[in-house]
Structures are given as structure tokens and as C-alpha cells.
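Student: I'll drop the sequence and a predicted model, then ask my questions.
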Amino acid sequence: MEKVMTINSGSSTVKFKLYEMPEEEVICSGNCERIGEKEGIFTIKWGTNKESYPCNFPTHNEAAHKVIDTLLEKGFIKDFNEIKAIGHRIVQGGKYFSESVLFDKETEDLIESLIPLAPLHNAAHLTCYRAFKEVLPNTPAIAVFDTAYHQTMAEEDYLFAIPYELSEKYSIRRYGAHGTSHQYLNQEAKKYLEGVEHPKIISCHIGSGASITATKDYKVVATSMGLTPLGGIMMGTRTGDMDPSVFNYLVSVTGQSAEEVYQMLNKKSGLLGVSGISNDSRDVLEAAENGNPRAITTINLFNRRIADYIGQYFVRLGGCDLIIWSAGIGENEPRTRASVSKLLEESLGVKIDEEANNKLHGQEGVISTDDSKIKVVVIPTDEEVMIARDSYRIAHEIKDKK
């Protein structure tokens, strides 16, 4: 048994989990919040226990020290050498990474070069990687990319119809996101596909950020998010796909700058923008059930966009054996699952068992009827365990080469 830690960092947060591997047992988990603000918050959970209290995090470096010091103080590790690998989630790997890799100077430089494609995320990931490297200089650090799983797409699936030389020069293409989640879902899906020779899966990671991915033989052929996470289906605050001329028109009629409009499309649109109520689907659903016209329109639009993508990917795959629901909304909102499935019933023959569907809130299970032409399941995602698996594997590969 060996300990592996996973790190998921943002511009002002560091989320961590400590695993016993290869058993994949979570020893503890936690979060450093409000990094760079006057007063941060540190939280740690283990078993049924939870502690949360104010803590000062001027930078990610102090957060990294706090995480490691707490693991020592509480006896989760006896010394630094017990942590055999640290896996860092990296949002954007561009065209360079089709799998998880050991962090070295070249990896670090390439991730840095991709900051323009994910300015908030990649910069924060590197800051956190460097902070933990200072605290644990001898522990292998592994970069696990959100985009890596999608690198199997064909050129005609990832290219945009802009002048080809611009795509080449500036690496403009569909990269997708949530790849670690979709990969996990595909691995877990195998138990529902025994005897299927060439499985065709549509996985729906539907949360505040949302993406849909089509795989054949467990390899990605298409995914909804684009150059950045703004593309694809409608989300909590993001537009998803739209006519590109809307952007130029908004700049001309509002008098706002291109950057201001871009931020509006990212942070003030989607469920929030259309409903005027909230970016949280639960609030919008409640308002819709109470008869709010804009909320009803918002929910109908959201469900339609999901159904449209599933239909598109059914055609792209030449059929579908399994539809997977996952992430915050996908795992916990039976109303959304039922409504989208109803939109697919006439064309794709999807039928939902209402009782089974209504029972599942954050649990795994089949929600389609026996006579549904496509099996539909709910599978809670676990991106962290995927990071832990890759980190454990790569750390052992390094050890075996020595």
C-alpha cells in the first residue's frame, strides 16, 4: 500500500485528496479556499470527521505547506517520503499531451505556453505545482490533463471552419474538457456493455459546467466543448454554441468592449442569463414549476440543447449502446434526466423507468426500461481517482526504470 495525493487547484483554491493505492481508498480530503484574500478557510475531512477553520493563505505556497503540515500533524503520513506521487489536474494540455505525464521542465514550459487558452486555470495549476514542488521536492509530480482523452478525435471532428493556416499557426481547434471525467465514465461503463463488440457511448457530464462526449471502442470521436469551455451545450453561466455574429453584434449595440462581452458570455449567460434567476438549475427548476415563464423557457432551452447534442452524436456514432448521466445535475436531478429522455423517445426509442429514475440521487444505476432501444445509466463521476490511478502508474513506471 502506498499513498498518492491529488491536487485540483484554481486561482484562489487548492482541493486535495490523499489515497491509499492501489486500493483507491480515500484517507482524507480537503480544501484551501480564498487564497490571496485577507482570511482564507481550511477544511479537512476524514471518515465521518470534518474540521474547518480560518487560515491565512497569502499565496499557494502557504496553502501547500498547510496541507502537508496537517497530514503530518494528524498522522495521515509519518514523513514526506510516504507520499509516492502527487497528481495535478491540468485543464489545458493543447495538442501536446494525449496522456498523463511526469512533470519536468519541458512539460512545465508547454503548460505555460498554453496559458492563453486557459488563462485562469493553467496559470493557477503551475503556481500550485511549483508550490508543492518546493514543499515536496523529491516526490514525483504528474500532470493529468482534462484535454488528453479527447486527442483521439479526427481532424474533421476537431477543426473549425476558419482559414486553415490560422488553425495551424495558432493551434485553434476543438480541445474539449472534462476528459478525465469522461474517461472514468467510459471505464465504469464496461460492466453495462458485456457482449457488445464495438461499444458506442454518449456520456453527459452535466453540471454548472457541462459537456457531452461520444466514444466508440472507448475512444473519443467527438466532444461538445470547443477551444475553451465556453463552447458546446448551454451551462450555468456560459452560452454554449451560438451564431458567432452575435458576439460582434453585441459589441456594436452595447458599446462594451470585446473583452467585456466575452466575459458576459462566460459568466452572465446560460441558465443565469436566460432566466434572470440563478445559475443553479435547482432554483430555475423550482421557479419553472411555480409557473415563471422565463424559467420555463430556460429549462426547455437547456433540455433541448442536451437532447440536440445526444441526437447529433447518435448520428456521428451510427447508433448508441449506452447513454451516461453524470456530474452535479446529471447525478442528482431526475427531472432533467426525464425531460431530456422524453425528447429522445420518438426519434431514438429512449424510455425511462420513472420509479428507478426518481430514486437515484448521487447513486449509480440503470434508469431505462427493459424495452428502451438505448440503455441509460447514472454513474457518479470521480475525476480524482483517475488522477490517482495515473499518478500511481507513472510513479511506478519511473521506479521500475531506475
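Tutor: Nice, thanks for sending it over.
Student: CA atoms for contacts and neighbours, from now on please.
Tutor: Fine.
Student: ok, and the closest non-adjacent residue to F16?
Tutor: Excluding the flanking residues, the one nearest F16 by C-alpha to C-alpha, 6 or more residues apart in numbering is I7, at 4.7 Å.
Student: Give me the neighbour count for the one you found.
Tutor: I7 has 26 neighbouring residues, counting by other C-alpha atoms under 10 Å.
Student: quick one, what contacts it?
Tutor: 14-17, 86-89 (C-alpha atoms under 8 Å, 6 or more residues apart in numbering).
Student: ok, now V220?
Tutor: Per C-alpha under 8 Å, 6+ apart, neighbours of V220: 149-153, 213-214.
Student: is it true that it lies in a strand?
Tutor: Yes - counting by DSSP: H, G, I helix; E, B strand; the rest coil, V220 falls inside a strand.
Student: could you check the distance from it over to D371?
Tutor: Distance from V220 to D371, counting by C-alpha to C-alpha, to the nearest Å: 27 Å.
Student: With R34 instead?
Tutor: From R34 across to D371, the span is 50 Å (C-alpha to C-alpha).
Student: Neighbour count for those two, which is higher?
Tutor: Legend: neighbour count by other C-alpha under 10 Å for R34 and D371, higher for R34 (21 against 11).
Student: Surely that one and I41 touch.
Tutor: Yes - judged on C-alpha atoms under 8 Å, R34 makes contact with I41 at a distance of 6.6 Å.
Student: Would you mind giving the secondary structure of the residue nearest to A141 when sequence neighbours are not counted?
Tutor: Distance criterion C-alpha to C-alpha, 6+ apart; nearest residue to A141, sequence neighbours excluded, is I86 at 4.8 Å. Here I86 is strand, with the state taken from three-state DSSP.
Student: roughly how far is the helix or strand bottoming out on mean pLDDT in the chain from the heart of the chain?
Tutor: Lowest mean confidence among the helices and strands of the chain (mean pLDDT, DSSP states H and E): helix 119-135, at a mean of 86. How far helix 119-135 lies from its chain's middle: 18 Å, per C-alpha atoms, centre = their mean, to the nearest Å.
Student: Can you tell me which helices and strands whichever helix or strand comes after it packs against?
Tutor: Per DSSP states H and E, the first helix or strand lying C-terminal to helix 119-135 is strand 141-145. Counting by 3 or more C-alpha pairs under 8 Å, 6 or more residues apart in numbering; DSSP states H and E, the packing neighbours recorded for strand 141-145 are strand 83-90, strand 101-102, helix 179-189, helix 383-401.
Student: Centre of the chain to the second one, how far?
Tutor: In other words, strand 101-102. That offset, for strand 101-102, works out to 20 Å (C-alpha atoms, centre = their mean).
Student: Can you list the strands that it pairs with?
Tutor: If you go by DSSP bridges, strand 101-102 pairs up with strand 141-145 (antiparallel).
Student: Report the buried residues of whichever helix or strand comes after the partner strand.
Tutor: Sequence order places helix 155-158 as the next helix or strand after strand 141-145, per DSSP H and E. By neighbour count, and taking 16 or more other C-alpha atoms under 10 Å as the criterion, the buried residues in helix 155-158 are Y158.
Student: Kindly export helix 155-158 (C-alpha atoms) in PDB.
Tutor: The C-alpha coordinates for helix 155-158 follow below in PDB (Å, rounded to 0.1, in the frame of the first residue of the first chain):
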ATOM      1  CA  GLU A 155      -9.200  16.300 -37.900                       C
ATOM      2  CA  GLU A 156     -12.700  16.800 -39.300                       C
ATOM      3  CA  ASP A 157     -14.100  16.500 -35.800                       C
ATOM      4  CA  TYR A 158     -11.800  19.000 -34.100                       C
END
